[in-house]
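Peer 1: below are the sequence and a predicted model; questions follow.
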Amino acid sequence: MKKLLLVFIITGFTPLLFGQYPDGKDILRKIDDNMISENRYYESSMIIHGRRTSLTFKLKTWTAGDTKSFTEYLFPVREKGTKMLKLDDQLWIYSPSADRIIQIAGHMLRQSVMGSDLSYEDLMEDSKLSEQYNAKVSGEEVVDGRKCWIVDLTAFVPEIAYHRKKLWVDQERNIPLQEELFAKSGTLLKRTRLSEIRRINERWYPGKILFKDMLKDGQGTELVIDEIRFNIEVPDHIFSKASLKK
Amino acid sequence: MIKFLFSGLIRDKHRSLIPFLVTATGVMLTVVFHAWMTGVLGNSIEFNARFSTGHVKIMTRAYAENMSQTPNDLAILGTDTLMNVLPQLFPEMLFAERIYFGGIVDIPDKNGETRAQGPAMGIGIDLLSENSPEIERLNLASSLKNGQLPVNKNEVLLSNKFAEKLELSPGDTLTLVSTTMYGEFTLHNFTLAGTVEFGNTALDRGTVIADLRDLREALNMDAAAGEILGFLKTGTYDVVQTTAVTNRFNARFLVEEDEFSLVMKNLPELNNMGFLVEYSDKIKGILVAVFIFAMSLILWNAGLLGGLRRYGEFGMRLAIGEEKSHVYLTMIIESSIIGFFGSLAGTATGLAIALYLQNQGLDLGFMMKNASIMMPSVFRAQITPATWYIGFIPGVISAQIGTMLAGMGIYKRQTSQLFKELEA
């Protein structure tokens, strides 16, 4: 019993005594270096597990930096040809059935994308964490068999979807394995789980992300990355309103 | 004797005019008050029933739990089959499928880019079927302000203020931005057929009324509907009948373990209507009773005053040998005559005012801006069979009771004192 107590005291207080917790900001920078790229192209499947049915969408996306993104829906047939364009903080959607381009703005950005657990705001938020949040490591925990730092993030920029975040960051691979996203009031809004982590070039990237909107019924939304390529040539004309109707 | 007393009343205005006016005024106020209360409470219940709740409403259990959010992802499936079965099971009811939805109405400019946008609440009803009862039920023809009712596919109605705000005219194109039953983002083009005004603040702010079939296409709701409303064929809500229907339906369709099993809700269980339904008769009864009681007190008072004024006359009549009971009886007969004609005049005047309020109504929209239940902004009185007698009977009776109470003093007068009183 005494030995157990000793082990507990040593393991529990060692980081505090010896200052072994790394700087939170350093962890954020490492995450940014790992996750953010100049540009990327990926094909993915979005599986929405609703209360009644599950619905699968297939889409391909091009992004350039953290300001430009273009997505085209490939499946199901009803959605085929629907396109979304993000330029800075503006978002447009094109629907082939109505042959209209609609700008999504204001409170509509908080609405769900295709009934998923993701909002348009989530889709648009691709900025570097280190440029939006202050961070502090508050402990460590094992997630999916990997040792993780628990990092508490508080936003220092005013207009942001989630004022506070809690990340469980893989200590070796610098990728969050779990996230909890909070409103300014402290309400837990969303929980995400990143899995099937794989090495792509010099990066560690998730093969699957499970998003769960905590204010919504259902089993959450899975985003499965079928194919991803980093730092490729992306023609600039893709990120224009003209390409929405093509 | 009645003829003699009647002549006396006509010739001596002091004896009849004030009681007549008091009775007539009291009866008139009772009649107007009853018709107004019946109208206001009935209008509110029927307005809610027609636009939102039905006399009963069928939903899935899961939908019913989140009814205020109109969650079409939890809508009823296979409504085509259900709509064939329901009339056979409940022949006393008429059923109507409805889809309630929210979204944005987006107006394109000549290049197809967004010119204007506004948040909208929509109702999908059977607009295009020949002789659809929904058009009459929602009073669409007489609510039409501009244009015409939809006759073609993808034609919609918009509330007039909303159309004005978006600078839309009949024939213009508008795009509904919404989500389908499966949560997909959807854009659907409609043509504005006409604009409507219901006289309800919430409905007139931003309502789209579209045909059920077009909405099913737009919202990917094939053979589905958010709600099925049931209306009694009599056209008026009846709690006894609807409770029986609800119990029969739920016994047959409701499965507690299945969140998508069908459940029927009775009107009082919907939109905070319970209070209005449960207490409408009671409130009406209490208010009318209080009113009648107050009127009786006034008439009693009038009788007392009349008795005092005629104190000398009664003394003289008793002194010359008239029986106390005869004096008392003549007083009651006189008051009956006054009560009868006063009540008749009061009922006639009250009915005339109630008829005016029934036809013209009163616009109280400024008081309804934050109402939690759906209320019409123009309230109207409603004349029912009870309105014809609700004032008349208490008018006659209370005039008599007033006189009977006031006239009891006659029996307390001592014959020996009468001459002294007369001398004085």
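Peer 2: Right, received. Where do you want to start?
Peer 1: show me which residues of the stretch 151-300 of chain B are close to chain A?
Peer 2: Contact residues, the stretch 151-300 of chain B versus chain A (Cβ under 8 Å from any Cβ of the partner chain): B:175, B:177, B:179-180, B:182-189, B:220, B:259-260. Where you see a C-beta, it was placed from the backbone N, CA and C, and this is true even at glycine.
Peer 1: next step: those restricted to strands.
Peer 2: Using DSSP state E to define strands, the subset of these located there is B:Thr175, B:Val177, B:Thr179, B:Phe185, B:Thr186, B:Leu187, B:His188, B:Asn189.
Peer 1: what about the residue nearest to the second one when sequence neighbours are not counted, helix or strand, and which?
Peer 2: With Cβ to Cβ, 6 or more residues apart in numbering or on different chains as the measure, B:Ile104 is the residue that lies nearest to B:Val177, at 4.2 Å, once sequence neighbours are left out. B:Ile104 is part of strand B:93-108, with elements assigned from DSSP states H and E.
Peer 1: elements contacting that strand?
Peer 2: Secondary-structure packing of strand B:93-108 (3 or more Cβ pairs under 8 Å, 6 or more residues apart in numbering or on different chains; DSSP states H and E): strand A:100-104, helix B:79-89, strand B:114-125, helix B:133-137, strand B:173-179, helix B:212-218, strand B:224-225, strand B:227-232.
Peer 1: that one: which residues count as buried?
Peer 2: Within strand B:93-108, the residues that count as buried by 16 or more other Cβ atoms under 10 Å in any protein chain shown are B:93-101, B:103-108.
Peer 1: and stretch B:380-393, by the same measure?
Peer 2: Buried residues in stretch B:380-393 (16+ other Cβ under 10 Å): B:Arg380, B:Ala381, B:Gln382, B:Ile383, B:Thr387, B:Ile390, B:Gly391, B:Phe392.
Peer 1: show me which residues of chain A sit near chain B.
Peer 2: Of all the residues in chain A, those lying near chain B are A:48, A:50-53, A:55, A:78-79, A:82, A:93, A:95, A:97-103, A:108, A:111-116, going by Cβ under 8 Å from any Cβ.
Peer 1: show me where the stretch 151-300 of chain B has strands.
Peer 2: Per DSSP state E, counting those that start in this stretch, the stretch 151-300 of chain B carries strands over the ranges B:155-159, B:173-179, B:185-196, B:207-211, B:224-225, B:227-232, B:262-266.
Peer 1: Throw these into a markdown table and include mean neighbour count, thanks.
Peer 2: Shown next, in a markdown table, are the strands of the stretch 151-300 of chain B (neighbours: other Cβ atoms under 10 Å in any protein chain shown):
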| stretch | mean neighbour count |
| --- | --- |
| strand B:155-159 | 26 |
| strand B:173-179 | 22 |
| strand B:185-196 | 22 |
| strand B:207-211 | 24 |
| strand B:224-225 | 22 |
| strand B:227-232 | 23 |
| strand B:262-266 | 22 |
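Peer 1: how about these in a markdown table, adding distance to A:Asp23?
Peer 2: Below are these laid out as a markdown table (distance: least, Cβ to Cβ, whole Å):
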| stretch | distance to A:Asp23 |
| --- | --- |
| strand B:155-159 | 58 |
| strand B:173-179 | 43 |
| strand B:185-196 | 41 |
| strand B:207-211 | 55 |
| strand B:224-225 | 55 |
| strand B:227-232 | 56 |
| strand B:262-266 | 57 |
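Peer 1: which one of these lies nearest to B:Ile76?
Peer 2: The closest of the strands of the stretch 151-300 of chain B to B:Ile76 is strand B:224-225. By Cβ to Cβ, the value is 5.6 Å.
Peer 1: which residues does that closest one contact?
Peer 2: The contact list for strand B:224-225 (Cβ atoms under 8 Å, 6 or more residues apart in numbering or on different chains) reads B:72, B:75-79, B:97-99, B:124, B:181, B:212, B:216.
Peer 1: quick one: buried ones out of those residues?
Peer 2: Using 16+ other Cβ under 10 Å, the buried members of the contacts of strand B:224-225 are B:Asn72, B:Ala75, B:Ile76, B:Leu77, B:Thr79, B:Glu97, B:Arg98, B:Ile99, B:Gly124, B:Met181, B:Leu212, B:Arg216.
Peer 1: would JSON lines of those residues with distance to B:Gly350 be doable?
Peer 2: JSON lines is the format used below for the buried ones among the contacts of strand B:224-225 (distance: Cβ to Cβ, whole Å):
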{"residue": "B:Asn72", "distance to B:Gly350": "48"}
{"residue": "B:Ala75", "distance to B:Gly350": "48"}
{"residue": "B:Ile76", "distance to B:Gly350": "47"}
{"residue": "B:Leu77", "distance to B:Gly350": "53"}
{"residue": "B:Thr79", "distance to B:Gly350": "48"}
{"residue": "B:Glu97", "distance to B:Gly350": "43"}
{"residue": "B:Arg98", "distance to B:Gly350": "39"}
{"residue": "B:Ile99", "distance to B:Gly350": "44"}
{"residue": "B:Gly124", "distance to B:Gly350": "43"}
{"residue": "B:Met181", "distance to B:Gly350": "53"}
{"residue": "B:Leu212", "distance to B:Gly350": "44"}
{"residue": "B:Arg216", "distance to B:Gly350": "50"}
